[in-house]
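Asker: I'll drop the sequence and a predicted model, then ask my questions.
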Amino acid sequence: QVQLVESGGGLVQAGGSLKLSCAASGRTFSSYAMGWFRQAPGKEREVVAAISWSGGRTYYADSVKGRFTISRDNNKNTVYLQMNSLKPEDTAVYYCAARTSYYANRAYSTPSEYGSWGQGTQVTVSS
């Protein structure tokens, strides 16, 4: 099972930007589809963005389209989430997730489709 470690969270003013990183262990990172999810206090975990193993397919929640960009570098075993034009409602703990995807080059958008999770990184957007 792949181990995931997120970084890059913090406190930012509304309208600002942050870039999250998720570093994965193991030599088979390129066979994993990856996703970013978030969970605010009292709310369910929700998808933010997802990317296929090749990087050729992506998925975005409607709430972040045009503001966030997911990308990956399979040579560095890392997936990124560039977050621009941040809003207070983006405040949450952000989690990276992975699942094997040997035969399907697709992005997966629900938490139950993922088997490995990071510990999360806090993002706080002040108004």
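Answerer: Yes, it's here.

Asker: so where's this protein uncertain?
Answerer: Confidence mapping of the chain against pLDDT under 70 gives zero matching residues.

Asker: repeat that with 90
Answerer: Along the chain, the model assigns pLDDT under 90 to residues 1, 26-28, 30, 101-104.

Asker: helix/strand/coil for the residue positioned nearest the centre of it?
Answerer: The centroid of the chain falls nearest to residue 36 when counting by Cα atoms, centre = their mean (2.1 Å). Reducing the assignment at residue 36 to three states with DSSP: H, G, I helix; E, B strand; the rest coil gives strand.

Asker: which residues sit in contact with it?
Answerer: 20, 22, 47-50, 70, 79, 81, 94-97 (Cβ atoms under 8 Å, 6 or more residues apart in numbering). Using the backbone N, CA and C atoms, a C-beta is placed for each residue, glycine as well.

Asker: ok, residue 72 touching residue 78?
Answerer: Yes: counting by Cβ atoms under 8 Å, residue 72 touches residue 78, with 6.9 Å between them.
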